[in-house]
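Chemist: Everything below, folded, please.
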Amino acid sequence: MYLPEQFEETDPGRINSLLTGHPFGMLVSIADGEPFVSHIPFLFEQESGKKGRLLGHLARANPQLQHFGKELLAVFQGPHAYVSPSWYGSPGVPTWNYAVVHVKGKARLIGEEALEALLERMTSMHESGMENPWQPVLEEERRKKLFGMISGFEIEITEIRAKFKLSQNRSIEDRRRVAEALSVRAPEVSRLMIAD
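Modeler: Next up, the predicted model:
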């Protein structure tokens with residue numbers, strides 16, 4: 001990732017907030033010189049290991065499972081928005097403000113018991129705001145069939161790099177104007193700019 005110094009985010013709280021608030025990411029691996037990408041939800045555990053860990057699952061038919069044991073990259077896209085140069089007080093060009101986190105590590109498969117616990121945690125987390133939350137109570141035959149179709153994994157994180165490109169290369173006045181313009185169009189980006 002191209003990461004100019006002024007856009008590098010190192011605050012663990014802001015990074016963790018993006019990883020938990022935007023858990024749908026891209027799992028990237030290289031096989032035979034070609035990139036391979038799966039788009040999946042993750043569960044980030046900040047307190048596990050030195051730098052945390054990611055948990056997820058893939059269909060057993062997904063060939064990316066064969067890439068485990070090598071270094072993988074998980075990419076999480078946070079809020080983003082177009083920035084018009086008409087919002088600046090000084091000359092500029094169109095650009096895009098955004099927040100993204102890249103996580104590297106090696107994946108390993110987890111057992112069925114750990115996979116079941118992971119699925120219950122993820123379901124509970126994503127169903128929590130529902131009027132009638134769905135509960136993962138399955139008949140044994142259906143449960144066995146579903147668990148036969150997926151494999152759970154964990155990634156022990158070895159590196160986290162975050163880029164929060166939020167007009168830091170502009171004057172304070174231009175940044176204020178952009179944050180104000182985005183407060184309606186992209187409030188999450190505006191809030192990140194104000195907190196920066």
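
Chemist: Tell me the bridge partners for the residue most central in space within the chain.
Modeler: Closest to where the C-alpha atoms of the chain average out (C-alpha atoms, centre = their mean) is residue 76, at 2.7 Å. Taking DSSP bridges as the rule, residue 76 bridges to residue 101.

Chemist: contacting residues for residue 3?
Modeler: 161, 163 (C-beta atoms under 8 Å, 6 or more residues apart in numbering). (Each C-beta comes from the backbone N, C-alpha and C, glycine too.)

Chemist: in which helix or strand would I find it?
Modeler: Using DSSP states H and E, residue 3 sits in no helix or strand.

Chemist: Can you give me the distance of it to residue 164?
Modeler: 10 Å (C-beta to C-beta, to the nearest Å).

Chemist: Next, show the common contact partners of those two.
Modeler: Common neighbours of residue 3 and residue 164 (C-beta under 8 Å, 6+ apart) do not exist.

Chemist: Test my guess that the residue nearest to the centre of the chain contacts residue 22.
Modeler: Yes - using C-beta atoms under 8 Å, residue 76 is in contact with residue 22, at 5.4 Å.

Chemist: In the protein, spot the helix with the most residues.
Modeler: helix 112-127 (DSSP state H).

Chemist: now for the next helix or strand along the chain from that one, which elements pack on it?
Modeler: Counting by DSSP H and E, the next helix or strand C-terminal to helix 112-127 is helix 140-147. Applying 3 or more C-beta pairs under 8 Å, 6 or more residues apart in numbering; DSSP states H and E, we find helix 140-147 packed against helix 112-127.

Chemist: contact partners of the helix it packs on?
Modeler: Contacts of helix 112-127 (C-beta under 8 Å, 6+ apart): 41, 43, 55-57, 110, 133-136, 147, 150-152, 154.

Chemist: Buried residues of the helix or strand of the chain with the lowest mean pLDDT, list them for me.
Modeler: Every helix and strand of the chain was ranked by mean pLDDT, DSSP states H and E. The lowest is helix 140-147, at a mean of 83. Residues residue 147 are the ones in helix 140-147 that count as buried (16 or more other C-beta atoms under 10 Å).
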